[in-house]
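Engineer: need a 3D model of the sequence below.
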Amino acid sequence: MRMTRQWFATLAVAMGSISCGGDGGGDATGPGGNGQFRFTARIDGGSWASTAGVELVGVPVTQPGLYVLTGTQLGASGLTIILTLTNIPGPGTYPIGVGFTVAGGNALISSAAGGGWRTPQTGADGSITITTLTSSRMEGTFNFTATAFTGGATGTKTVTDGSFVLEVKPTGTVGPLPDNAGHKVTATLNGAAFNAAEAGGSYTASNTGILTVVGSNSTRSLALSLAGIPANATGTFALLNGSPSRTITMNSYNGTQVTGSYSSGVAGSSGSVVITSFTATRIKGTFTGTLGGTAGTTGTMTVTNGVFEIGRL
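Structural biologist: Numbering: from 1, shown residues only. Coordinates of the predicted model:
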């Protein structure tokens with residue numbers, strides 16, 4: 001339920017890209033007229049190639065860092081792939097299975113025969129590597145796993161060997177991605193990798209400064225609440241149960257039910273946050289900790305390799 005609105009937004013963006021793309025004409029030849037544009041993959045081991053999508057009309061760009069790749073293999077049982085990418089500043093490798101607050105994207109597969117599959121938003125449902133990204137061209141590779149979502153779909157769809165060479169078609173002057181766009185929260189939790197599908201944060205200068213950082217995906221959430229952080233300060237700040245209060249909390253979920261809750265506010269917990277960069281547009285840092293169980297949760301949660309980047313609005 002926490003992801004429903006995001007997926008309605010994904011579908012709305014995708015439908016907008018199809019309608020905008022129609023204005024680009026049907027020229028699939030691209031610069032030089034050699035038919036070089038393509039959008040291909042393997043779905044559950046079978047070959048897939050778009051024959052009615054962005055390889056024909058180009059990738060519409062209406063906002064900085066927002067790219068929607070929509071491709072359909074025509075036929076009675078043809079499949080459509082929609083990759084919605086947000087906060088993309090340039091070439092690089094980005095996670096698939098994240099929302100609009102994180103640099104990366106999500107994926108949707110629909111069938112002409114009915115049914116749809118989506119990335120379950122674990123923060124690590126796949127990846128996309130963009131090797132070329134200019135104002136007129138986009139190239140790269142991708143892979144992801146999508147789970148049944150609607151229309152009687154069952155099981156999963158595994159997409160491998162994804163590849164694209166596409167024309168980029170900005171609408172007007174789009175401009176570069178602002179430095180404060182997109183957030184990131186990652187960590188290792190009791191040895192398991194955590195990558196936030198949604199992330200955010202804020203800094204309030206009152207009361208000697210309060211920094212908050214939050215990140216969540218379909219199975220876990222992580223939050224940092226740090227008081228006593230001076231503006232523009234960098235350095236190491238120990239977690240404290242007193243004043244100023246500095247805590248890390250973590251919850252795990254099974255659907256909408258909380259299955260585990262941990263906090264550095266529990267006696268015997270420890271940890272620290274290192275702020276490595278604090279500017280007018282972005283705050284970056286790392287964190288570690290050992291968190292005690294709360295609300296009936298037993299044992300501890302060891303947090304290592306924590307990294308955050310929060311854009312300031």
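Engineer: could you look up the SS state of the residue nearest the centre of the chain?
Structural biologist: Nearest to the geometric centre of the chain sits Val98, at 2.6 Å (C-alpha atoms, centre = their mean). The three-state label given to Val98 by DSSP: H, G, I helix; E, B strand; the rest coil is coil.
Engineer: show me what contacts the closest residue in space to it that isn't next to it in sequence?
Structural biologist: Of all residues not flanking Val98 in the chain, Gly104 sits nearest, at 4.1 Å (C-beta to C-beta, 6 or more residues apart in numbering). In short, each C-beta sits where N, CA and C put it, glycine included. Contacts here follow C-beta atoms under 8 Å, 6 or more residues apart in numbering; on that basis Gly104 touches 85-87, 94-98, 128.
Engineer: among the residues you listed, find me the one that's closest to Leu56.
Structural biologist: Taking C-beta to C-beta as the measure, Leu56 sits nearest to Leu85 out of the contacts of Gly104, at 19.1 Å.
Engineer: can I assume that closest one is in contact with Pro64?
Structural biologist: No: counting by C-beta atoms under 8 Å, Pro64 is not a contact partner of Leu85; they are 11.9 Å apart.
Engineer: neighbour count winner among these two?
Structural biologist: Legend: neighbour count by other C-beta atoms under 10 Å for Leu85 and Pro64, higher for Leu85 (24 against 16).
Engineer: using the three-state scheme, assign the residue nearest to the more buried one when sequence neighbours are not counted.
Structural biologist: Once flanking residues are discounted, Leu85 sits nearest to Gly105: 3.9 Å by C-beta to C-beta, 6+ apart. Here Gly105 is strand, with the state taken from three-state DSSP.
Engineer: specify the beta-bridge partners of Gly105.
Structural biologist: Taking DSSP bridges as the rule, Gly105 bridges to Leu85, Ile96.
Engineer: measure it to Ile130 for me?
Structural biologist: The span separating Gly105 from Ile130 equals 10 Å under the rule C-beta to C-beta, to the nearest Å.
Engineer: so where is the stretch 1-150 of the chain shaky, pLDDT-wise?
Structural biologist: For the stretch 1-150 of the chain, the stretches flagged by pLDDT under 70 are 1-35.
Engineer: do a quick rundown of the strands in it.
Structural biologist: In the stretch 1-150 of the chain, the strands defined using DSSP state E, counting those that start in this stretch lie at 38-43, 46-49, 59-61, 67-72, 79-86, 92-96, 104-111, 116-118, 126-133, 137-150.
Engineer: could you save the ones you listed as JSON lines and add columns showing distance to Val213?
Structural biologist: What follows is these, written out as JSON lines (distance: least, C-beta to C-beta, whole Å):
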{"stretch": "strand 38-43", "distance to Val213": "35"}
{"stretch": "strand 46-49", "distance to Val213": "39"}
{"stretch": "strand 59-61", "distance to Val213": "30"}
{"stretch": "strand 67-72", "distance to Val213": "27"}
{"stretch": "strand 79-86", "distance to Val213": "19"}
{"stretch": "strand 92-96", "distance to Val213": "18"}
{"stretch": "strand 104-111", "distance to Val213": "18"}
{"stretch": "strand 116-118", "distance to Val213": "27"}
{"stretch": "strand 126-133", "distance to Val213": "23"}
{"stretch": "strand 137-150", "distance to Val213": "27"}
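Engineer: out of those, the one nearest Val303 is which?
Structural biologist: Nearest to Val303, of all these, is strand 92-96, at 19.5 Å by C-beta to C-beta.
Engineer: what about the residue nearest to Leu85, neighbour count?
Structural biologist: Using other C-beta under 10 Å, Gly105 has 31 neighbouring residues.
Engineer: shared neighbours, Gly105 and Ile130?
Structural biologist: 88, 94.
Engineer: and Val174, how far is that from Gly299?
Structural biologist: Separation of Val174 from Gly299 (C-beta to C-beta): 49 Å.
Engineer: one more: Asn143?
Structural biologist: From Asn143 to Gly299 the distance is 34 Å (C-beta to C-beta).
Engineer: cool, Thr129 as well?
Structural biologist: Thr129 sits 38 Å away from Gly299, going by C-beta to C-beta.
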